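**Q** Provided below for reference: sequence and predicted model.
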Amino acid sequence: YTEASASYIRAIEEAGLLIKENRIASDSSYQLSLKLAEVLQQDGLINVAIVVLKQLIEKFPDKISAYYHLEASMIEAAQEEEAFYFFRQFYKVNKNPVYAVMKNLLARAYNSESKFLLSDILAFYEDYDIQDEVYQLAKNSLE
């Protein structure tokens, strides 16, 4: 790591500690942590940004910004399967952003012909009785 990267990592570890210890409680603290994750992603520290964003979602499941940033980071890091397993646990808590993420992951799985991920996401859709155009297209491709 460069010295700047080491500073980022220290800052992220501190932010993660603050999140875990419930010391990030205000909207401004949430926004600051979100901005830090964005900077980390831009600087190529994707996996560190992913850790921070997951912690933010776990702490603030009702705030949607972190969902979209985490989705982008995980896709950039080629972690579509991990994204599916992480996001599905939040569907009952915050349906709209999780549905948007799942729809994108389903489209990506369909286009990449990732049958394992595709079948898992289709099962998620069926568990929650979600039927949209992407679901129908993907479902028909397996028949």
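**A** Perfect, I can see it now. Numbers count the residues shown, from 1 in each chain.
**Q** first to last residue in stretch 81-96, what's the distance?
**A** Stretch 81-96 has an end-to-end distance of 20 Å (criterion: Cα to Cα, to the nearest Å).
**Q** where's that stretch relative to the chain centroid, distance-wise?
**A** Relative to the mean C-alpha coordinate of its chain, stretch 81-96 is positioned 8 Å out (Cα atoms, centre = their mean, to the nearest Å).
**Q** Equivalent analysis for stretch 78-88, please.
**A** 7 Å.
**Q** again with stretch 69-84
**A** Taking mean C-alpha positions (Cα atoms, centre = their mean), stretch 69-84 and its chain are 6 Å apart.
**Q** Show residues contacting that stretch.
**A** Contacts to stretch 69-84, defined as Cβ atoms under 8 Å, 6 or more residues apart in numbering, come from residues 34, 37-38, 41, 46-47, 49-50, 53-54, 57, 86-87, 101-102, 104-105, 108-109, 114, 116-117, 120-121, 124. Using the backbone N, CA and C atoms, a C-beta is placed for each residue, glycine as well.
**Q** Tell me who's in contact with the residue nearest to residue 138 when sequence neighbours are not counted.
**A** Distances taken as Cβ to Cβ, 6 or more residues apart in numbering put residue 110 closest to residue 138, at 4.5 Å, once the chain neighbours are dropped. By Cβ under 8 Å, 6+ apart, the residues touching residue 110 are 118, 134, 137, 138, 141.
**Q** I'd like the next helix or strand past the helix or strand encompassing residue 83.
**A** Using DSSP states H and E, the element containing residue 83 is helix 80-88. As assigned by DSSP H and E, the chain's next helix or strand after helix 80-88 is helix 95-112.
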